[in-house]
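Participant: sequence first, then the predicted structure, then my questions.
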Amino acid sequence: MSVKESTVCKRILSVNDMDHWTKVSPAYRELIAFIKQINEFAKGCENAFYDVNTIANPKLAKTVKLLQRLRTLVDEVKPLQDDKNQRFGNKAFRVWFEKMKLELDEFFEEGFSADSIYELRLYLEESFGNQQRIDYGTGHELSFIIFLMGLYKLELVKGGESEQTLRKISHEILTVFAAVYMPLVRSIQLQYRLEPAGSHGVYSLDDFQFLPFLFGSAQLVGHPTIEPKNFYEPDIFNAYADKYMFHAAIQFIHKVKTGPFHEHSNQLWNISGVDSWLKINRGLLRMYQDEVLGKFPIVQHIVFGEKVLKWE
């Protein structure tokens with residue numbers, strides 16, 4: 001084991017470690033600050049975050065190409081037909097996962113600082129689901145955000161940038177997330193019938209994701225015509241899904257679930273009763289801190305090292 005590997009490990013080993021995670025570790029403070037910055041710069045933004053041609057940063061452009069290649073791999077690795085009677089978890093996902101790791105080998109071959117590659121790779125590899133359990137949940141989504149934070153911290157920002165520059169980088173990060181990562185993981189979920197990891201059914205916001213609702217609600221803050229009250233209606237979410245993350249997420253739920261919306265997505269149904277996107281956004285940010293970053297079953301899988309997330 002290399003020195004680099006030996007310094008990267010899990011630190012949240014029991015619920016007793018949660019206080020250190022949320023109140024002491026610099027990792028939590030940096031992660032929350034990063035999420036809040038991305039969320040803040042998304043507020044009221046008419047940039048649809050769906051045009052990858054707007055990405056100028058070479059590292060983010062390189063990430064886009066990787067994710068697009070992984071999307072092609074989903075089409076190439078077909079579900080196993082003898083697995084068809086299994087409701088969840090087609091084992092072809094394990095084949096896709098191995099091929100994904102080979103693509104990551106090539107991705108990290110050049111263009112990255114040697115001492116940051118090991119940690120960045122760990123987070124990126126965990127971003128698409130669990131190879132053995134064949135599931136996906138908000139913990140995997142969190143891994144991708146940590147990977148993006150690592151890129152931001154180690155490769156994209158050198159210090160002293162203007163707010164305008166930081167806003168532009170944040171918008172490019174949102175574009176990677178909305179335009180490439182989300183379509184990729186949705187295709188994986190459908191192709192290989194991934195089990196929702198740690199789903200609470202109708203009591204959770206969504207079986208698989210959280211952040212499209214957070215960042216998507218920020219995007220709609222102050223919108224002059226789009227109101228929260230009817231986002232679940234087909235003519236509304238279909239009209240706006242190509243431009244707004246929130247509506248794209250609602251559209252995907254309707255693709256994978258049947259029955260009345262208020263029954264299978266009760267938490268989101270309740271959100272439609274809130275009178276402004278700003279209130280929704282604030283509530284979702286608190287909810288993310290409590291229900292994702294504050295839940296031991298999710299954050300116990302996070303690894304800490306010397307570069308991206310520091311435990312100290």
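Facilitator: In hand now; what should we look at? Residues are numbered from 1 along each chain as shown.
Participant: which positions in stretch 261-279 come out as buried?
Facilitator: Residues of stretch 261-279 classed as buried by neighbour count (16 or more other Cβ atoms under 10 Å): 261, 264, 265, 266, 268, 271, 272, 274, 277, 278. For the C-beta atoms, the positions are set from N, CA and C on the backbone; glycine is no exception.
Participant: for residue 267, see how far away residue 35 is.
Facilitator: 20 Å (Cβ to Cβ, to the nearest Å).
Participant: likewise for residue 295?
Facilitator: Residue 295 is 15 Å from residue 267, by Cβ to Cβ.
Participant: residues near residue 158, how many?
Facilitator: 6 (other Cβ atoms under 10 Å).
Participant: quick one, phi psi at it?
Facilitator: phi -100, psi -10 (degrees, to the nearest 10).
Participant: now swap in residue 100 and tell me
Facilitator: Note on residue 100: backbone dihedrals following degrees, to the nearest 10 are phi -60, psi -40.
Participant: and what of residue 259?
Facilitator: Torsion angles, degrees, to the nearest 10, at residue 259: phi 100, psi 180.
Participant: per-residue pLDDT, it?
Facilitator: The model reports residue 259 with a pLDDT of 87.
Participant: what does residue 3 give?
Facilitator: So residue 3 comes in at 40 (pLDDT).
Participant: and residue 263, by the same measure?
Facilitator: Value listed for residue 263 in the pLDDT field: 85.
Participant: which of the helices or strands spans it?
Facilitator: Element membership of residue 263 [criterion: DSSP states H and E] is helix 261-264.
Participant: in terms of secondary structure, what does that helix contact?
Facilitator: helix 245-256, helix 266-271 (3 or more Cβ pairs under 8 Å, 6 or more residues apart in numbering; DSSP states H and E).
Participant: then the longest helix seen in the chain to CSV, C-alphas only?
Facilitator: Secondary structure of the chain read by DSSP state H shows that its longest helix is helix 58-76. Extracted C-alpha coordinates of helix 58-76, given in CSV (Å, rounded to 0.1, in the frame of the first residue of the first chain):
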residue,chain,number,x,y,z
PRO,A,58,-10.2,22.3,-20.0
LYS,A,59,-10.6,20.1,-17.0
LEU,A,60,-14.4,20.4,-17.0
ALA,A,61,-14.5,19.9,-20.8
LYS,A,62,-12.4,16.7,-20.3
THR,A,63,-14.8,15.5,-17.6
VAL,A,64,-17.7,16.1,-20.0
LYS,A,65,-16.0,13.9,-22.6
LEU,A,66,-15.5,11.1,-20.0
LEU,A,67,-19.1,11.2,-18.9
GLN,A,68,-20.3,11.2,-22.5
ARG,A,69,-18.1,8.1,-23.2
LEU,A,70,-19.6,6.4,-20.1
ARG,A,71,-23.1,7.2,-21.5
THR,A,72,-22.1,5.4,-24.7
LEU,A,73,-20.9,2.4,-22.7
VAL,A,74,-24.5,2.1,-21.3
ASP,A,75,-25.7,1.5,-24.8
GLU,A,76,-22.9,-0.9,-25.5
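Participant: what is the mean pLDDT for that helix?
Facilitator: 97.
Participant: what's the spacing between residue 210 and residue 113?
Facilitator: For residue 210 relative to residue 113 (Cβ to Cβ), the value is 30 Å.
Participant: the two: which has the busier surroundings?
Facilitator: residue 210 (20 against 10).
Participant: ok, that one - contacts?
Facilitator: Residues counted as contacts of residue 210 (Cβ atoms under 8 Å, 6 or more residues apart in numbering) are 138, 141, 284, 288, 291, 292.
Participant: show me where this protein has strands.
Facilitator: 9-10, 135-136, 195-196, 303-304 (DSSP state E).
Participant: residue farthest from the centroid of this structure?
Facilitator: residue 82 (31.2 Å; Cα atoms, centre = their mean).
Participant: low-confidence ranges, the chain, go.
Facilitator: 1-6, 83-87, 199-203 (pLDDT under 70).
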